[in-house]
Structures are given as C-alpha cells and as structure tokens.
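# got a predicted structure plus its sequence, pasted below:
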Number of protein chains: 2
Amino acid sequence: MSARFHTTYHVTCPASEIEARARGIAVEQSVEMPLAAIEDERVMAEIVGQVAGIRELTPGAFEVRVALAVETVGEDAGQMLNMILGNSSMHACVSLVDVEIAPEFEAAFGGPRHGIEGLRARVGAGARPLTCTAIKPQGMPVDRLAKLAHKLALGGLDYIKDDHSHADQAFSPFMQRVPAIAAAVRQAAAVTGHPTRYVPMLCGDWGRMQAQLRLAREEGIDTVMMAPMLSGVATLQAIAREWPDMAILAHPSMTGGGQIAPELLFGKLFRLWGADALIFANYGGRFGFSQETCRRLSELALAPNPRQRAAVPTPAGGMELARVPELLDFFGRDVMLLIGGSLLLARERIPEEGAVFHRAVVEYFA
Amino acid sequence: MSARFHTTYHVTCPASEIEARARGIAVEQSVEMPLAAIEDERVMAEIVGQVAGIRELTPGAFEVRVALAVETVGEDAGQMLNMILGNSSMHACVSLVDVEIAPEFEAAFGGPRHGIEGLRARVGAGARPLTCTAIKPQGMPVDRLAKLAHKLALGGLDYIKDDHSHADQAFSPFMQRVPAIAAAVRQAAAVTGHPTRYVPMLCGDWGRMQAQLRLAREEGIDTVMMAPMLSGVATLQAIAREWPDMAILAHPSMTGGGQIAPELLFGKLFRLWGADALIFANYGGRFGFSQETCRRLSELALAPNPRQRAAVPTPAGGMELARVPELLDFFGRDVMLLIGGSLLLARERIPEEGAVFHRAVVEYFA
C-alpha cells in the first residue's frame, strides 16, 4: 500500500449531496475520470483519492477529508498545488483548509533555506523581532527611488524591499533600478553601521528571474522577494533549490479571498516550498484577516520541526508605528514588522521616523 | 497624459462604503500607499489609479470601473495580473469582471501564435470543429499509457493530450513518458492516415519546462499544454515568445471559483498572453459555468481582431458523446470538443468509440 496524505476542504452544499460531492473531489483531485473506466488495479487501489471523513460544521457546511496518494505529487510544488486544489478551485463552494505535510514532501521541498535565524543573522539581530519597509510608489524614476531607499536605510531598518508593483517597467527597469538602489542602501548602511538589506522584487518568467538573480548577486544582495501565486509556486521552489544562498520573502499578491485558507497557504505551504519570510495581510489593516487567522498562520510558520526551518511571519498591509507595541504583544519576538506607506508620510523626516520604528521594535523585548 | 486602461470589478459592500472601497481598489492596484505620502507630481497625475465609475447592480452589489496606467504593466503578463487583481484578490468581496485590452498590451503580448487556424492546419481540418481527448489516469506505467494513447489515436482524433495530472512523477517520468506516447501516436497515425497530434502537459518551473520543450520538439511534437494559473501567466507568455513554433493548450487548473470572471480570464487574458486553445469547464458538466458564461467566453476567444489570432474554445469537463450535436449547435464550427473520461469507458472498443466521436464532429456541418 502506497503512502497517502490527507487534504481537508470546506464544502457548502445541501446535506443530501455531500457524500457525492466528497467522492467527486476525491476523484477530481486524483484520476479525474469515471472509475468504471479504470482498468488498472493498482491505480484503483493506490492512486484514486478516497474520502476519509465528512463532518457537518453548520447546516449546509461540511468539512471533507480526502486521502490522496503521495506519489501523485512527485517533487514539484506546482504539481502539489495541482493535486490538492487544481481543478476543484473552479468550484466556488469548495475551499482548501488543510494539507497534511507528508515526510516525502519535506524531503522533496526542504522548507526555508535560511528561515528566521538566517534573516536575523544577516542583520545581526540576535533573537529580536525584525523591521522591514517598502520602497514606494512605482512610477518614480530610478534616481528618486534610490534617494528614497537611501533615506529609509538611514533609519537603520533591517530590510528595505521593493514595493511588489516594481517589475520591469520602462520608468524603472529592473537592471537599472536594482544596482542604483543597492548602492544607495550600501552607502546609507556605511553611515549607520547597520547592515540594512535591500530586497528586490523578482518578476517575469523563471528565465528572466534568473538574470535578475545574477544581477542581484553581483550587487551583493542576499535576499529577494517574489509572489508565489503570481509567478507560480514551482518558481518559489526553483529559487530555493537553485539559488540556496538567497533568502526569499514571499509576497501575497494573488493569494485570493480565502479559497486556500491563509494559515495553510502561508504557514504550511509557502514555508514547505522554501519561503523564508511570509508577508501577509495583518488583522486591523486594509484586509480582512482575523486575529485568529494571523495567530494560527504565525504558529504554523514557526512550529518547531527538525526537517524545516521556521519561516518568519511578516504582518503587513496598512500597519502604523503606533501599533508596534500591540503587534509585538500579539506576535511575540519571532516576527518581522513591515511598515510601508505610513512611514513615507514623514517625507523629509523619513530617516528619523524609520529610526523611531526600528528602535521601538528593537527595544521592546530588550 | 499617459495612456490608461479600464479594469472592472464587482464589489459587494454596504452602499455607504462603496465610494471608499472603489478608491481603495484604485490605490491598491497602482501605488498601494497613502496618497498624502506621494511627493512626485507625475506619479499623482499619471500613475495613481482613478475611479472611472460606480454603478449599483443590485442592492449591496456594485460595478466599479478603475482607470490604471498602461505603463505600470510593462510587457510582463505576471505584472499585468499583479496590477489588475494582485493584492485585491485578498478581498473576497471583490471580483475582476473585465479588462480593457490596450493596444500596447496587444503589441507586447501578441496573442496566439497559431490560433484556431494553426490548430486546424496541423490536422488538415479545413473549417470544421476539432476533436480532442485525454490520456488518463495518472499512476499507470509508461508502457500502458502508450498503449492507451495508441488506441485513442487509432480512432483518428485530432488532438490527444496528457491528463493535466501527468507531471513528472516516478510512475511515469516526463522524459520517458513523452517519447513513448509520441511514438505510439505516430504509429497509429501511420495506420489511420490522420495526423493526430500528441499534446504533452508541461510542468515544473520554466527551466524544467524548457528541457521538456526541447524533448518534445525532438519528438516532432508541435503542440503542448500548460496551466497558466498554476505555472504562472508569465510562463505562458514565455512559451509563446520563445517557442513560437509550439501551439499552446491552456488548462484551467487553479483558475478559481469566479474571482476572475471565466469569460475574461480565458476569452481575453489567456488569449492575449498567447494561448491557442482554451480548455474550460463547460456548462452541463462537472462544473458550474452557465451557458451564458460559455457563450461569452467563446465569443471573446474568437472575436475578430487584426492584431490577435482567434483562440479555439475547448469546452470540457464531463462531456459525453451523446452531447456532440447539442454542443456543436451551441458553439458552432469554431470549437474543439474535448471528451476525456467518458471515451475511456469503452475500454477495448476505444478506437471505435473514438472514431464515432470524431466522425460525429467532422460530419456535423459537412
């Protein structure tokens, strides 16, 4: 008998239909064909998905557990997503809420190559929370972006990332933007004495991303950002596998409105596939994640595991300086706080405001 | 004034909040920061998204039109998706229903390299509808898959594609599976005299896909399948750009439960980014697309356009032989009918059943 792993879905439908719907998901996510047409006995016994449990949560809302064959996933993150949700994503009434991480998956994907400890070590942070901000807005020419990055770095923050909208547009092409900003951040770091890291956003297909990675490495950059659900989760896996010296911030663009539970997608899957930091839409910001979702996401990202480094939860999305104590009370030490736009409101006082943010975070648990 | 293009969203919220929500989307999908923090006048005037219209559809449901700057998209399909939905995908109450295709996008992306005429020419089909089936289930060893493909090809079908679950698993690795199936289909085609095409499923990151494409080309394969929302839409664009001799079937895995309207995603976006055939979940099958959605999708895919070839609508997902007349009445001549699992129910009579399917399609408009 080959190994199986469990996937868990929430399904809304009339109670009279749930058994057929559950069987439908098990078949859709494995062989996707009428079972009567399967002639191969091994496929019937070992490959066809099986319903492992159905539980009514509230009237008309069910939890369905399905046992899928580990061997259908192989060693490809894209194929894993294909098997755990893929076609069933087209059913609006189905959402994916949990996936059992089989030992084979941990062996194949390897988790973060650096994790929270690696991201702390880059900036000499010991066991404290980390700070991060973003270079915005897109549309400015390279020299202005570099000047802004310089001001932000003068505040002594740990990580300064591109806004996720920085791609390879004509107004600030990647190959010009990244060396200019990297130089600006290096110069500021020489002033502050703090090894602030610039984190460029990777974009385009994997071929173009690799050219971007080569340039980044030439510029001494050791941390990059990408959006797994935009660029493909196999691309996240490829960076972790083929550029193991690079730490990866995963950006939430295109993660959707809950068809994959955020705690699962960020805390378990992005971590498994190699993301070192998980940027997610924090409670109380512009997006609607609940405190419970954020807490659970953080717990999963950090859950001790001898085969996977911990990924650092990075709450973001409309955060403000005044919330630092509340956020650190909530998330604890093992977190990276990302304050983007609201820091930029300080304009000419950005270095000072950045320093206040950084000091507030550094000193909170000191 | 730089060029703008319109995106259209459906938003559900109280009427008292819709203006703020609409402005929020316009900012989120452009600069993602407080406008008060923007010092650059050009960015304020030309880059920040603008609300172009709000219309109440039903109480609490609104259509919001936003004008985004063409230059923020650049020439990257991934970045286009990032700008038209990206972060706003995290709002479950927001769905993307339309995108205006700016002339700059048509110049950058180029649409299908082959389109319906190219797919017809490959199999000498004239102006008739095309036929397609799938090799299932995953989990069988390569020799059995090849035998099945041989039987399917003996029916004289036009296209025989991998099931989308065929990745690079140990039970049928891509590099062994594809040459074996390609040979089996060639042998059968020599018997029938019909140039049946085998269409392998590409998987993994773009580096691995390119190795797969090289092997496919060596095997004389000129048509491949990939899932844009699984592998990244920039990967679809990369195949069309860098392997222009390959025709591309776009598979709907991970296209979601409607957060991007299917007619838009398949009929406009996948076509724009280079897909030659659009496999979608037909009405009356296992998925819930309405007739109206399918009709509109088909119209958009085929809409005459001097700058984009027509992509061939490929309804699928639980189709059966008995529905051929109904489907051809509905879709007309410009369609590829995909019957997968139900054809396999014929078991030893697969060649005959395939021939019946193919003949029914070929002769319907003859």
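Here it is on my side, so go on. Numbers count the residues shown, from 1 in each chain, chains lettered A, B, ... in the order given.
# enumerate the residues of the stretch 101-250 of chain A near chain B.
Residues of the stretch 101-250 of chain A found near chain B, taking Cβ under 8 Å from any Cβ of the partner chain as the criterion, are A:136-140, A:144, A:163-165, A:167-171, A:203-208, A:210, A:227, A:230-232, A:234-235, A:237-238, A:242. Placement of C-beta: from N, CA and C, glycine included.
# so the nearest residue to residue A:239 once chain neighbours are set aside versus residue A:203, what's the distance?
Leaving aside its sequence neighbours, residue A:239 sits nearest to residue A:248 (Cβ to Cβ, 6 or more residues apart in numbering or on different chains; 5.7 Å). Counting by Cβ to Cβ, to the nearest Å, the separation of residue A:248 from residue A:203 is 14 Å.
# kindly report the same for residue A:262.
23 Å.
# now swap in residue A:97 and tell me
Distance from residue A:97 to residue A:203, by Cβ to Cβ: 30 Å.
# looking at those two, which one has more neighbours?
residue A:203 (27 against 17; other Cβ atoms under 10 Å in any protein chain shown).
# how about that one, what does it touch?
By Cβ atoms under 8 Å, 6 or more residues apart in numbering or on different chains, the contact list for residue A:203 reads A:166-168, A:174, A:209, A:212, A:226, A:231, B:76, B:78-79, B:82, B:234.
# quick check, nearest of the residues you listed to residue B:149?
Closest to residue B:149 out of those is residue B:234 (30.5 Å), distances taken as Cβ to Cβ.
# burial of the residue nearest to residue A:320 when sequence neighbours are not counted, as a residue count?
Of all residues not flanking residue A:320 in the chain, residue A:342 sits nearest, at 4.7 Å (Cβ to Cβ, 6+ apart). Neighbourhood size, residue A:342 [other Cβ under 10 Å]: 20.
# so residue A:342 lies in a helix, does it not?
Yes. Assessed by DSSP: H, G, I helix; E, B strand; the rest coil, residue A:342 belongs to a helix.
# can I get the longest helix along chain A in PDB? Just the C-alpha atoms.
If you go by DSSP state H, chain A has its longest helix at helix A:174-192. Taking Å, rounded to 0.1, in the frame of the first residue of the first chain, the C-alpha atoms of helix A:174-192 are listed here in PDB:
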ATOM      1  CA  PHE A 174      15.000  46.200 -13.100                       C
ATOM      2  CA  MET A 175      18.500  46.200 -14.400                       C
ATOM      3  CA  GLN A 176      18.900  49.900 -13.700                       C
ATOM      4  CA  ARG A 177      16.800  50.100 -10.600                       C
ATOM      5  CA  VAL A 178      18.400  47.400  -8.600                       C
ATOM      6  CA  PRO A 179      22.000  48.400  -8.800                       C
ATOM      7  CA  ALA A 180      21.100  52.000  -8.100                       C
ATOM      8  CA  ILE A 181      19.000  51.200  -5.000                       C
ATOM      9  CA  ALA A 182      21.600  48.600  -3.800                       C
ATOM     10  CA  ALA A 183      24.300  51.200  -4.000                       C
ATOM     11  CA  ALA A 184      22.100  53.800  -2.100                       C
ATOM     12  CA  VAL A 185      21.400  51.300   0.600                       C
ATOM     13  CA  ARG A 186      25.000  50.300   0.900                       C
ATOM     14  CA  GLN A 187      26.000  53.900   1.300                       C
ATOM     15  CA  ALA A 188      23.500  54.500   4.000                       C
ATOM     16  CA  ALA A 189      24.500  51.300   5.800                       C
ATOM     17  CA  ALA A 190      28.100  52.600   5.900                       C
ATOM     18  CA  VAL A 191      26.800  55.700   7.600                       C
ATOM     19  CA  THR A 192      24.600  53.900  10.200                       C
END
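# got the CA coordinates for stretch A:338-357 in PDB?
Written as PDB, here are the backbone C-alpha positions of stretch A:338-357 (Å, rounded to 0.1, in the frame of the first residue of the first chain):
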ATOM      1  CA  LEU A 338       6.600  45.600   7.900                       C
ATOM      2  CA  ILE A 339       5.500  49.300   7.800                       C
ATOM      3  CA  GLY A 340       5.400  50.700   4.300                       C
ATOM      4  CA  GLY A 341       3.300  53.500   3.200                       C
ATOM      5  CA  SER A 342       2.700  55.100   6.600                       C
ATOM      6  CA  LEU A 343       6.400  55.600   7.200                       C
ATOM      7  CA  LEU A 344       6.600  57.500   3.900                       C
ATOM      8  CA  LEU A 345       4.100  60.100   5.200                       C
ATOM      9  CA  ALA A 346       7.100  61.500   7.200                       C
ATOM     10  CA  ARG A 347       8.600  62.700   3.900                       C
ATOM     11  CA  GLU A 348      11.800  64.700   4.800                       C
ATOM     12  CA  ARG A 349      11.700  63.100   8.300                       C
ATOM     13  CA  ILE A 350      11.800  59.600   6.900                       C
ATOM     14  CA  PRO A 351      15.200  58.700   8.400                       C
ATOM     15  CA  GLU A 352      14.100  59.800  11.800                       C
ATOM     16  CA  GLU A 353      10.700  58.100  11.600                       C
ATOM     17  CA  GLY A 354      12.400  54.900  10.400                       C
ATOM     18  CA  ALA A 355      14.800  55.100  13.300                       C
ATOM     19  CA  VAL A 356      11.900  55.500  15.700                       C
ATOM     20  CA  PHE A 357      10.200  52.500  14.200                       C
END
